[in-house]
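Colleague: Sequence first, then the predicted structure:
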Amino acid sequence: AQSVTQPDIHITVSEGASLELRCNYSYGATPYLFWYVQSPGQGLQLLLKYFSGDTLVQGIKGFEAEFKRSQSSFNLRKPSVHWSDAAEYFCAVGGGGADGLTFGKGTHLIIQP
Amino acid sequence: GAGVSQSPRYKVAKRGQDVALRCDPISGHVSLFWYQQALGQGPEFLTYFQNEAQLDKSGLPSDRFFAERPEGSVSTLKIQRTQQEDSAVYLCASTLNPSSGIYNEQFFGPGTRLTVL
């Protein structure tokens, strides 16, 4: 069965500092991997996705993620966070097409001034 | 429409009541998904439609949960005899074309927050 683990429930980062959110997955075939962001009262917004090819993918809002097959990881990074980045971040895996996504439990990002 | 819409945004029900949650997908989107997001958790897959056909309902937690999409557009998730453990945010997502092996981004609605007292 597929699963996603986000080991950090909360992360606090100072504004302007770099960020890395961890994600490990378990999937039987080649996975499609995603990072979503959810602000309070809002739906999920796709930050970036990995299907194949270049293992470093760029997304919106200055985020990037690196797929490492050997470590079954897909960590999200940003070189310099802004206060507006405070939100809940979800990593997800799917098989593509008609598959429902399997989400991790999320990481709550807090930005300190 | 411009995006996926859901109504109502908030619903309070007394235990034992039936509720109906509505999802309007993006116009022309063939696939529709329902997810349940409990407090402090990630969304969990409930069910999937391709047009009016419900192709996967493996995630529905009990037979009190029922979903339909009779004309292949608007979908309704119905929960009968609600229980406190049904309290959650119910998210709907739609995608354009479910071609096998090709990913189509799921666009999510804002969700309906259901509270069962």
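Modeller: Okay, I see it.
Colleague: Centre-most residue in chain A?
Modeller: A:W35 (3.4 Å; CA atoms, centre = their mean).
Colleague: Leaving out the residues flanking it, which one is nearest to A:L21?
Modeller: Setting aside the residues directly before and after it, A:L21 is nearest to A:L76 in space (CB to CB, 6 or more residues apart in numbering or on different chains), at 4.3 Å. All C-beta spots, glycine's among them, are computed from the backbone N, C-alpha and C.
Colleague: Before we move on, what's the pLDDT of that neighbour?
Modeller: Per-residue confidence (pLDDT) for A:L76: 98.
Colleague: can you check B:Y103 too?
Modeller: pLDDT, B:Y103: 67.
Colleague: and what of A:F51?
Modeller: 86.
Colleague: so what's the backbone phi/psi at it?
Modeller: Dihedral angles of A:F51 (phi, psi; degrees, to the nearest 10) stand at phi -120, psi -50.
Colleague: count of residues packed around it?
Modeller: Neighbour count for A:F51, taken as other CB atoms under 10 Å in any protein chain shown: 14.
Colleague: wouldn't it be in contact with A:F34 here?
Modeller: No - using CB atoms under 8 Å, A:F51 makes no contact with A:F34, being 9.9 Å away.
Colleague: Which residue lies closest in space to B:P25, excluding its sequence neighbours?
Modeller: Nearest in space to B:P25, with sequence neighbours left out and distances taken as CB to CB, 6+ apart, is B:S94 at 3.4 Å.
Colleague: Give me the secondary structure label for the one you found.
Modeller: strand (DSSP: H, G, I helix; E, B strand; the rest coil).
Colleague: Beyond the helix or strand hosting the residue nearest to A:L21, next helix or strand please.
Modeller: Assigned by DSSP states H and E, A:L76 falls within strand A:73-78. Next along the chain after strand A:73-78, taking DSSP H and E as the criterion, comes strand A:87-94.
Colleague: so that next one versus strand A:73-78, what angle?
Modeller: On the basis of axes from the mean of the first three to the mean of the last three CA atoms, to 10 degrees, strand A:87-94 is oriented at 150 degrees to strand A:73-78.
Colleague: how close does B:L96 sit to A:D99?
Modeller: 15 Å (CB to CB, to the nearest Å).
Colleague: One more: A:D85?
Modeller: Distance, A:D85 to A:D99, by CB to CB: 29 Å.
Colleague: pretty sure B:G40 contacts A:E88?
Modeller: No - with contact defined as CB under 8 Å, B:G40 does not reach A:E88; the gap is 9.4 Å.
Colleague: Common neighbours of these two, please.
Modeller: Common contact partners of B:G40 and A:E88 (CB atoms under 8 Å, 6 or more residues apart in numbering or on different chains): A:G106.
Colleague: Can you give me the buried ones in the strand holding A:L76?
Modeller: For strand A:73-78, the neighbour count (16 or more other CB atoms under 10 Å in any protein chain shown) marks A:73-76, A:78 as buried.
Colleague: Let me know the closest of the residues you listed to B:F66.
Modeller: B:F66 lies nearest to A:F74 out of the buried residues of strand A:73-78, by CB to CB, at 34.7 Å.
Colleague: mind listing what the closest one touches?
Modeller: Going by CB under 8 Å, 6+ apart, A:F74 touches A:23-25, A:33, A:35, A:50, A:65-68, A:91.
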